[in-house]
Structures are given as C-alpha cells and as structure tokens.
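>>> sequence and predicted structure below; questions after.
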Amino acid sequence: MSLTPRWIKLGRLFMVAWLVFFIYPVAALLTDRFDRDAEVAGIALLVALALIWGWFWLRVVAGPDQRFALPAVVAATIVLVVFTLRTPPQYGSLFLYALIMAGAACNWRIGLPAVLALSVLSGTVELARGESVTNATGQFLNELLVGLTAVAGQLLIQANRQLSSAREQIGRLAVGEERLRFARDLHDLLGHSLSVIALKSELAGRLMKTTPGLAAHEVEDIEKVARDALRDVREAVAGYRQPTLAAELAGAHEALAAAAIEFHVDQEHGPLPPAVEAVLAWTVREGVTNVMRHSQAKRCAIRISSRDGNITVEVVDNGRGGTPESGSGLDGLQERVVERGGRLTAEPLPHEGFRLRVTLPLAQANAPADRVPA
C-alpha cells in the first residue's frame, strides 16, 4: 500500500492521539497529595510536552518545519527529564515519547545512537529519582526497544516511498515503451502503403490525359491499397486496446493473492476469436476488481466453459453479496456484451457471495466489428 496524502494525514493524527495517555499523570497530579506548586508545575510541563508532541507530528516530520526536528527532540527530552525528576517513581515514566520522536526525526545512522543515548538517560533518571538498579535497567531496555521500533518504522516508511517512486517510474517507462512500440507498428503498417498511394497517384495524374483507361486502373489500385491500410490500422488499434484472457487471468491471480483471497480457475474451451476473448478478459477484470473492492470475500473462482455454440465466463466469490452498485463498471461491460450479442447477469447468490456471468455466442464471433464502406 502506497503512502497517499490521506494515509499520511491519518498517520499523523494517530500519533497525536497518543496524547490521550496523558490522562494518567494528569489524574495523579490532581487527585494525589501534591502541593499546589507541584501540581501547577507538573501540569505546565505536561502541557508543554503535549504542544511539542503535536507540533512535531503535524508540522515537523516531513512537514514545513522539519528543520526544527532536532530542537523538538531536545526540548521534549528536557521537559521529560524535569517532569520525571519531579514525580515519584510509582507514577512511571513518559520517556518513550522522546524515544519515538528521536527515532522518527533522524535517519537511522543518527537515530540509532540517539535512541541508545536517550535510553541510557532514561535509566539514569530512574536511578536519580530513587528507583532500584533492576527497575532502572528494565526501564532502559523498554525505552531502547521502543526507540528501535521507531527507527524500524521510519525505515519501513522510507522503503515504501522508494517502492512507490519506483512503481511510478516503471509505469512511466512502460507507457513510453508502449508508445514507441505503437509508433513503430503504425510506421511499419502505413509507411509502405502511403508510399504506394503517393506513387500511384502521381502516375494516375500523368496518365489521366493521355490514357484514361490505365489511369482508372491505377485509381482502383489506390483504392485497394487504401482499404488494406485502413484494415491493418483497425486491427492494430484493436489489438492495442483489447486485453487477452491469459493476461487477465494471470493478473487476477496476482492481485487476489496479494489481497489474501483464495483463487481457483477452471477452463474448458478451445481457441477463441480475438473479439470474444477481449470481452471475456474485460469480464474477468471487472469481476475480480469488484471482488477485491466490495465483496470482503475469502475465495474467488473463475469458470470458463464452452457449450452449445456459446462461451460462458463466471466470476464467483463467497463474500457479502448484495446488489451491484450503479455505475461501478458493469455498465461499460454490459455495452461490450450486448454489442457481441451476449447476456450479462450480476446477482447475489442465495446463501453467500456474488456471481458475475457473461455468455457470448461463438457463431457471430468471426463477423468483423467494423466494415469499410464500399
């Protein structure tokens, strides 16, 4: 899952929500027997730490104020040292906030030494306020583990960002490569035909006054070459736009496996005409997309069978079923199916799950989709 701006914002708000744990030291300060000055000082320190913590996650980490990352960690550490020394040992420690900030603010080369130093400082402060060596050591190990987890989390986020950037770069390269391939195909298809048309047009122009019969013959050749070129271009465009069934099944297997959905496919059919195969491929793509987005299913099966001159594909899942949403992509698929004289049904199953079924006749599959007017 890539780190979209929405997920980044939710992550920031989640970290700010950690301030809810301040309810315990605040309650202790207000209910236990602290003098007035200690209560005011303790609450003031907690408010200062809360402001630093919120500012750190909302503005500092990968934000407009990221240059203040180190001062924010230092300020939080000072506040926590003072607060910890002013409270009895039974109230615990909030030092993990400084450890998390240090792990998130610095790259791992700086973050690891910073986490180690702050962990040692945490154990030392525990000793200074009267804790035993055993408890101080436990505090040190606990804070060290929290800090290392923060560093590991930052490394994971960096790897995710690099992966997203690599995917975008691969996508751009793939689009560029496909454009070059398509340009080469068009050049190969049209270059020769247009050259022949140009030469025969010049020849027909010269013969038109002297030998009209030969000129008419050249014009007929020009028409034939033009029709052949138009047919080749349409076939190239159709092949460029239409998916293949094998590619869609492979993509469905990869996508469903990534979504932890069990996948099974049954195929009982012979070679398919390209027009029919394209509609079946679109059906698989739409069905699998709906399974992943809406069904909450654990299993998905695709069945392709040929019977009585028809080819049928079914995408069945064991999800929550329900009525398909209008405009979810099924409308476009319905148009493709109707254009080929087929039938589409999308319906919930009686007990659980959903089924998308498309049936196409094979008898009309060889009819050309586009005809060149005579």
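On my side now, so go ahead.
>>> and stretch 112-124, how far out from the chain middle?
37 Å (Cα atoms, centre = their mean, to the nearest Å).
>>> neighbouring contacts of that stretch?
Stretch 112-124 has contacts (Cβ atoms under 8 Å, 6 or more residues apart in numbering) with 73, 77, 81, 93, 95, 98-99, 102-103, 106, 136-137, 139-141, 143-144, 147-148, 150-151. Bear in mind the C-beta positions are built from the backbone N, C-alpha and C, glycine included.
>>> pull out the buried positions in stretch 258-278.
Buried residues in stretch 258-278, counted by 16 or more other Cβ atoms under 10 Å: 261, 263, 269, 272, 275, 276, 277, 278.
>>> isn't residue 43 right up against residue 29?
Yes - at 6.0 Å, residue 43 counts as touching residue 29 under the criterion of Cβ atoms under 8 Å.
>>> between these two, which has more neighbouring residues?
Neighbour totals were compared for residue 43 and residue 29, and residue 29 leads with 20 against 15 (other Cβ atoms under 10 Å).
>>> show me what contacts that one?
Taking Cβ under 8 Å, 6+ apart, one finds 38, 39, 42, 43, 46 in contact with residue 29.
>>> most surrounded residue in the residues you listed?
When neighbours are taken as other Cβ under 10 Å, the top entry among those is residue 42 (21 neighbours).
>>> quick one: it is in a helix?
Yes - under DSSP: H, G, I helix; E, B strand; the rest coil, residue 42 falls within a helix.
>>> gap between the closest residue to it other than its chain neighbours and residue 47?
In this structure, residue 42 finds its nearest non-sequential neighbour in residue 29, 4.6 Å apart by Cβ to Cβ, 6 or more residues apart in numbering. The gap separating residue 29 from residue 47 is 12 Å, by Cβ to Cβ, to the nearest Å.
>>> what about the helix or strand that contains the residue nearest to residue 42, distance to the chain center?
Secondary structure assignment for residue 29, by DSSP states H and E: helix 23-31. Centroid separation for helix 23-31 versus its chain: 44 Å, with Cα atoms, centre = their mean.
>>> and that helix, which residues are buried?
25, 28, 29.
>>> what mean pLDDT does it get?
In this model, helix 23-31 has a mean pLDDT of 81.
>>> in PDB, list the C-alpha atoms belonging to it.
Once non-C-alpha atoms are left out, helix 23-31 reads as follows in PDB (Å, rounded to 0.1, in the frame of the first residue of the first chain):
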ATOM      1  CA  ILE A  23      -4.800  11.400  31.400                       C
ATOM      2  CA  TYR A  24      -3.000   9.100  33.900                       C
ATOM      3  CA  PRO A  25      -0.300  11.600  35.000                       C
ATOM      4  CA  VAL A  26      -2.800  14.400  35.000                       C
ATOM      5  CA  ALA A  27      -5.200  12.500  37.100                       C
ATOM      6  CA  ALA A  28      -2.400  11.600  39.500                       C
ATOM      7  CA  LEU A  29      -1.400  15.200  39.900                       C
ATOM      8  CA  LEU A  30      -4.900  16.300  40.600                       C
ATOM      9  CA  THR A  31      -6.000  13.500  42.900                       C
END
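>>> alright, that wraps it up for me.
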